[in-house]
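Undergrad: Below are the sequence and a predicted model for it; my questions follow.
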Amino acid sequence: MAMALNRLDEMMPSSDGKARAFLRLVILLIVLGMSGQAGLNYLLNPMGRWGTRHLIPAKDDQRYYKVDLLAHANPAPEILVLGSSRSRGLDPSYISRVFSRPAFNASVEAGSVQDWLGFTGYAVSELKYPVRLLIIGVDAGDFVMHTNRQQHPANVPELRRQLAHPWFDWFKTRIYLWSPAMTRASWTVIKKWWNQTNVNGFYYDDGEDIQRKRPDARENWRPDGFNPYLPGHAASQEISISVGIHQTNTEVQPGHLKDFERLVKFAGARGIKIVAFLTPITPRLYQALTQQTNYNQTLERTRSILRTAERQGVIICEVEHLPFNYREWADPDHPGPGSSRLIVDTLYSCVARGGGP
Amino acid sequence: MLFQTFIFVFLFLPITLLLYWASPNRTYKLFVLTVTSYFFYGYWDWRFCGLLLFTSVVDFVIGGKIFFAATLFRKKAWLTLSIVSNLTVLGFFKYWDFFADSTNRLLEMLGVGASAPLFHIILPVGISFYTFQSMSYTIDVYRGRTQPTQSILKFLAYVSMFPQLVMGPIVRWTEVDEQMDNLPRRWDHRAAALGASFFIVGLFKKIWLSDRVFPLVDPKMYHSLTVLEFWPSYFLWSFWLYFDFSSYSDMAVGLGLLLGIKFPQNFNSPFKAESPSEVWRRWHMTLGRWMRDYVFFSIGGSKKGFFRTLINIMIVYFLIGLWHGASWNMIGFGVYHGLALIVEQIGRRLKIKIPTVALRRGLILFYWTNTGWLFRSSGYKMTSGFFKAGFGANGLGSSFNWLTLALLIACILHSQLAPNTWEWKWRFRWWEALGLAALFITSLAGFFVEHPFFYFQF
């Protein structure tokens, strides 16, 4: 045994000076290499994560648009819609008509509890909007899914400031500067630039009209944050993709729960009402999810969290069993315009029963 | 917390090294090492830190009691208490559900209604490693090979050292006792240069060979393969296991060196072995040595006649199987190796020698590949399904998967010809620094998906 340990002594550099120089060189090269990779990905920003806009990102993070639109909202919204892409179809103009108050849809793709906190804090604390009601579309996996660090409010300074651990979140999102997907995307951007093809539309690269194929582009959003999924939209999902998204653990993430409690407290202290609903999905997707994943367990955990929130004054509204016309849905996850209106009407009844916004 | 994560490499490790090397003396260093190691362990599930602490404190106290006991009887009694306490913890957390379930099935078959309760216990990470490590201390004190330490801090640090806590090597007290007394006061550049090299090489092996390349060619649905598709994949899987374990072993040694502590070698090109017993001197070396010194020799070793030696071998390998996991597969694994070693002993006695090195090593490769499959298979049905495919259930097939075949040949050549990390002759020149930096940066790609090491489950 001692022989083996001595072997390590034999393998070490002959002198302290040589070892020091070697270590310094290794560290220097690593720092240079990592800085180069991160710098390139940051500047090219191929997935629109960092806010740098030297080139038009090939794919956008909607948080930047929403923050921008929210900052310029006129009139100042009194109702905020929060949630994921499943809440994207809730039309603020229709909500405004039903509730008689201006509304803004701040739901974002892959939206999480942290996004709810971020947008609410930004609208109320920084923009000083007279928000009276938060409409939250809660997805079954919102409290159990691991945080999606690639699409996270910590990327956006305005939202990051509202989070509980902004610097930790910042660190965890900046890690993606070194992600292979990001580097591959940057490399694709460079190749396109080199070949002098249009960089815009990395994901829809067939030489056709890019704008038509990028419904999420900046100019396609209404000033009140509305841009619904429509049948044939690029984000339309097959059942299998939806099932894949839900193949997750069923353990509640304590961080998500704490952030939700923080939001409830924040709203309660300012007299802001919260109405939350579990976002509906098509019966076919529900069947597939229950057969292939532990969806029911996840759903039950989320319901239990919402029941607890109800005791703290959050209005919980059941919309899952409304008579939706599923044929108008963009895909199994995203309600169409008629269904979204039905949800808004139901939410209004729930809020009215709770004393109105 | 896994080694190949941003949290570990860019937060935990730098902060630990900074605090550790900034500590003015040995006591502070041991304190930092203990606290950070408990944090590292608690990152999985903080509740199990209590278990780690319990095991350590019990053996620390008993070590002293054994040493100062006036009679041999008392020494034995204290040692028994230590072993019983360790095995009870291990037995409850690792084996209870397995034995309870097996007993229930047996009783059901016999038509008896009684049933032992199942607790569905979560297996604490690394429990098999640290209980063995802790237990070796009391046994060595009992045998008079070492004196008990007066410092509980030193003992806590010894049991919990994060580089080897969850996947070995199983370090003995005698191997680190002196080192922990003489920890370098200042950052040791020589050890750090070698440690960083070991760590980065291990990291690269894990990310690129174990986690990336092998899954690419792993067909997963083995039972539907043709003969020509089956066998290259079958052999290749054992290389996945080979690189996974090799990578962790390198990283553990590297991290130890960064802390100024030298760990024993745990992996030494096992496919260069020419007999089953030699494999066990090269694969998971510290477990093999532990079992030899504390079990095999304790039950008589090879001093009680040939037949008894064979029985002792079987007992040891049965226990090695059980150590690896609470399942019939793992018991099968142990019995398989026990039989292989018995065959080797008989062959040696009859002076039968396999003629060429190539043939001997080829047989070893086949022997170890079967081991890998005992690890992988979830039960008899799965194993029989695989082998049916391997022996023609889906036909001979008309083509190879050339990538699989090429990778298999590369792996065989590597395992037979290339020196392992402990045999490399580092020059610590600029081009090696460049190479290490490149390996490190390319390895970052693997930090985004967590692939635990295979041996974590043990």
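TA: That came in fine, so what should we check first? Nothing here was measured: the structure is a model prediction, and the numbers come from that model.
Undergrad: contacting residues around the residue in the stretch 101-250 of chain A that chain B sits nearest to?
TA: In the stretch 101-250 of chain A, the residue that lies nearest chain B is residue A:180 (4.0 Å; Cβ to the nearest Cβ). (Glycine included, C-beta is placed from N, CA and C.) Residue A:180 is in contact with B:445, B:448, counting by Cβ atoms under 8 Å, 6 or more residues apart in numbering or on different chains.
Undergrad: Model confidence score at it, please.
TA: Per-residue pLDDT puts residue A:180 at 82.
Undergrad: any idea how far it lies from residue A:46?
TA: 12 Å (Cβ to Cβ, to the nearest Å).
Undergrad: Return the residues in contact with residue B:126.
TA: Contacts of residue B:126 by Cβ under 8 Å, 6+ apart are B:41, B:165-167, B:456.
Undergrad: so which of those comes closest to residue B:75?
TA: residue B:165 (28.9 Å; Cβ to Cβ).
Undergrad: Any idea how many residues pack against the residue in chain A positioned nearest to chain B?
TA: Among all residues of chain A, residue A:29 sits closest to chain B, at 3.4 Å; criterion: Cβ to the nearest Cβ. As a burial measure, residue A:29 scores 19 neighbours (other Cβ atoms under 10 Å in any protein chain shown).
Undergrad: From what I see, it and residue B:435 are in contact.
TA: No. Using Cβ atoms under 8 Å, residue A:29 is not in contact with residue B:435; the gap is 9.5 Å.
Undergrad: burial count for the closest residue to chain A within chain B?
TA: Nearest to chain A, among the residues of chain B, is residue B:437, at 3.4 Å (Cβ to the nearest Cβ). By other Cβ under 10 Å, 21 other residues sit near residue B:437.
Undergrad: quick check, the host helix or strand of residue B:230 touching chain A?
TA: Using DSSP states H and E, the element containing residue B:230 is helix B:227-258. Yes. Interface with chain A: helix B:227-258 contributes B:253, B:257 (Cβ under 8 Å from any Cβ of the partner chain).
Undergrad: again with stretch B:266-280
TA: No. Judged by Cβ under 8 Å from any Cβ, stretch B:266-280 stays clear of chain A, getting no closer than 8.9 Å.
Undergrad: Could you look up the SS state of residue B:298?
TA: coil (DSSP: H, G, I helix; E, B strand; the rest coil).
Undergrad: Could you list which residues are in contact with it?
TA: For residue B:298, no contacting residues are found, by Cβ under 8 Å, 6+ apart.
Undergrad: residue boundaries of the helices in the stretch 51-200 of chain A?
TA: Counting by DSSP state H, counting those that start in this stretch, one finds helices in the stretch 51-200 of chain A at the ranges A:62-71, A:92-99, A:113-121, A:157-160, A:166-174, A:180-194.
Undergrad: Tell me which other helices or strands the helix holding residue B:230 touches.
TA: helix B:13-22, helix B:189-204, helix B:214-217, helix B:357-376, helix B:380-390, helix B:402-417 (3 or more Cβ pairs under 8 Å, 6 or more residues apart in numbering or on different chains; DSSP states H and E).
Undergrad: Taking helix B:189-204 as reference, get the angle to it.
TA: Put simply, helix B:227-258 runs at 160 degrees to helix B:189-204, going by axes from the mean of the first three to the mean of the last three Cα atoms, to 10 degrees.
Undergrad: Quick check: buried residues in the helix or strand just after helix B:227-258?
TA: Sequence-wise, the next helix or strand downstream of helix B:227-258 (DSSP H and E) is helix B:276-282. Within helix B:276-282, the residues scored as buried using 16 or more other Cβ atoms under 10 Å in any protein chain shown are B:276-280, B:282.
Undergrad: ok but residue B:329 is inside a strand, no?
TA: No. Going by three-state DSSP, the assignment for residue B:329 is helix, not a strand.
Undergrad: picking that back up, of the helices of the stretch 51-200 of chain A, flag the one that's most buried.
TA: Ranked by mean neighbour count under mean count of other Cβ atoms under 10 Å in any protein chain shown, the helices of the stretch 51-200 of chain A are led by helix A:113-121, which reaches a mean of 26.
Undergrad: any residues touching that helix, and which ones?
TA: So helix A:113-121 is in contact with A:63, A:66-67, A:70, A:80, A:82-83, A:106, A:108, A:131, A:134, A:136, A:142-143, A:147, A:152-154, A:156, A:158-164, A:169, A:256, A:259-260, A:262-263, A:266-267, A:272, going by Cβ under 8 Å, 6+ apart.
Undergrad: how near is residue B:298 to residue B:74?
TA: Residue B:298 is 19 Å from residue B:74, by Cβ to Cβ.
Undergrad: actually residue B:149, sorry about that
TA: With Cβ to Cβ as the criterion, residue B:149 and residue B:74 are 20 Å apart.
Undergrad: These two - which one has more neighbours?
TA: More crowded of residue B:149 and residue B:74, by other Cβ under 10 Å: residue B:149, with 19 against 13.
Undergrad: Show the contacting residues for the closest residue to that one other than its chain neighbours.
TA: The shortest distance from residue B:149 to any non-neighbouring residue, by Cβ to Cβ, 6 or more residues apart in numbering or on different chains, is to residue B:155 (5.4 Å). Under the criterion of Cβ under 8 Å, 6+ apart, the contact list for residue B:155 reads B:56, B:59-60, B:63, B:137, B:149.
Undergrad: Most neighbours of all those residues, which one?
TA: residue B:59 (30 neighbours).
Undergrad: Close to chain B: what parts of the stretch 101-250 of chain A are there?
TA: So the stretch 101-250 of chain A meets chain B at A:171-172, A:175-176, A:178-181, A:183 (Cβ under 8 Å from any Cβ).
Undergrad: The same query, at a cut-off of 6 Å, please.
TA: A:175, A:178-180 (Cβ under 6 Å from any Cβ of the partner chain).
Undergrad: okay, now the domains of chain B?
TA: B:6-187, B:194-457 (automatic domain parsing).
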